[in-house]
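Peer 1: just the structure for this:
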Amino acid sequence: MTLGPAQPRVAPRADIVQPRCGPRSPRLGPVAVLAATEPDLALLASELGIAAPRRLFTSRLYFEPDAAVSLVGPAIGAPYAAMLLETLAAWGARTLIFVGWCGAIAAGVPIGRIVVPHSALVDEGTSRHYIPDAPTAYPSRDLATRLADACTAADLPFSTGGVWTTDALFRENPAKVERCRALGAVAVDMEASALFTVAAFLGIEAAALLIVSDDLSAMRWEPGFNLPRFAQAREGACRLVAELARRLAGC
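Peer 2: Alright, predicted model coming up:
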């Protein structure tokens, strides 16, 4: 699988408000999993065997002392996902796997298919505060490849391609779909480009595994949230991510 170039590095930050690792902050292991939705958070917590979460903003952070893998969620939208990633990195995470849902905008990407993005079109407001004027964000090449390889090994059907990350769920109109599809996007989500940009800014690895929950490719909305194949894909995806996270952490 060929992935795009790494994001550019930026000058050292001088921001007034930055995430801190204080005396009461948890010391996290090197691998973190971020779940966009409550149902996937529950599946991942069960697969990872982590209980007794603590609050982190409006999410829950699952971790255990001296454990190499942590889990946080739910987290919907670019600004909030970026806040969580900044905090996880300040507390010790160096690798992030994001598990989210997406809408298909290209033919041949059915509901229940997994998408491993190799790039993300920036159509959200968070990324420009980290890397101005970058139209596209990229995941870690190695981590995205490992996610794709894990899908192949688990016999989970998946697609690779770009995703279009937007802040405006109810402004996904045909003109935007056509433009993003022409630029190589196969799906639309609300977090990926911001997570890739912030990870590059912080010098850590991040990649995403998205499950297709609905379809916009025919310029009409086909929801699939209640379909059995979507539920089965989510279960397989969460199992795969939990196993990969443990391997990455050396567990």
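
Peer 1: which residue packs closest to Leu43, ignoring adjacent ones?
Peer 2: Using Cβ to Cβ, 6 or more residues apart in numbering and skipping residues adjacent in sequence, the residue nearest Leu43 is Cys238, 4.0 Å away. Yep, even glycine has a C-beta here, placed from its N, CA and C like the rest.

Peer 1: surely that neighbour meets Ala45?
Peer 2: No: counting by Cβ atoms under 8 Å, Cys238 stays clear of Ala45, with 9.4 Å between them.

Peer 1: who has more neighbours, these two?
Peer 2: Between Cys238 and Ala45, counted using other Cβ atoms under 10 Å, the more crowded position is Cys238 (25 against 20).

Peer 1: in a strand, the more buried one, correct?
Peer 2: No: assigned with DSSP: H, G, I helix; E, B strand; the rest coil, Cys238 falls outside any strand and is helix.

Peer 1: can you pull out the strands in the stretch 151-251 of the chain?
Peer 2: 158-166, 185-189, 205-215, 222-223 (DSSP state E, counting those that start in this stretch).

Peer 1: out of the ones you listed, nearest to Arg27?
Peer 2: With Cβ to Cβ as the criterion, Arg27 lies closest to strand 205-215 of the strands of the stretch 151-251 of the chain, at 19.1 Å.

Peer 1: residues near Gly49, how many?
Peer 2: Count around Gly49 with other Cβ under 10 Å applied: 12.

Peer 1: that one and Gly236, how far apart?
Peer 2: Applying Cβ to Cβ, to the nearest Å, the value for Gly49 to Gly236 is 18 Å.

Peer 1: cool, and Ser213?
Peer 2: For Ser213, the distance to Gly236 - Cβ to Cβ - is 14 Å.

Peer 1: these two: which is more packed in?
Peer 2: When Ser213 and Gly236 are compared for neighbours, Ser213 comes out ahead with 23 against 19, by other Cβ under 10 Å.

Peer 1: now the more buried one, nearest residue through space, not along the chain?
Peer 2: Per Cβ to Cβ, 6+ apart, closest to Ser213 is Trp101, 4.1 Å.

Peer 1: try Leu71
Peer 2: Tyr62 (4.1 Å).

Peer 1: pretty sure Arg146 is touching Leu244, no?
Peer 2: Yes: with contacts counted by Cβ under 8 Å, Arg146 reaches Leu244, the gap being 6.4 Å.

Peer 1: tell me which of the two has more neighbours.
Peer 2: The neighbour comparison of Arg146 against Leu244 (other Cβ under 10 Å) goes to Leu244, with 23 against 18.

Peer 1: just the buried positions in the helix or strand of the chain with the lowest mean pLDDT, please.
Peer 2: Among the helices and strands of the chain, strand 54-56 carries the lowest confidence by mean pLDDT, DSSP states H and E, at a mean of 95. By 16 or more other Cβ atoms under 10 Å, the buried positions in strand 54-56 come out as Leu56.

Peer 1: likewise stretch 53-71?
Peer 2: Within stretch 53-71, the residues scored as buried using 16+ other Cβ under 10 Å are Pro53, Leu56, Ser59, Arg60, Leu61, Tyr62, Phe63, Ala67, Ala68, Val69, Ser70, Leu71.

Peer 1: that one: end-to-end distance?
Peer 2: Stretch 53-71 has its terminal residues 9 Å apart, counting by Cα to Cα, to the nearest Å.

Peer 1: contact partners of it?
Peer 2: 26-35, 41, 44-45, 48, 50-52, 72-75, 80, 83-84, 87-88, 93, 245-246, 249-251 (Cβ atoms under 8 Å, 6 or more residues apart in numbering).

Peer 1: make it 6 Å
Peer 2: 26, 28-29, 31-33, 44-45, 48, 50, 72-73, 75, 245, 249, 251 (Cβ atoms under 6 Å, 6 or more residues apart in numbering).

Peer 1: chain center to it, what's the gap?
Peer 2: Computed by Cα atoms, centre = their mean, to the nearest Å, the chain-centroid distance of stretch 53-71 equals 17 Å.
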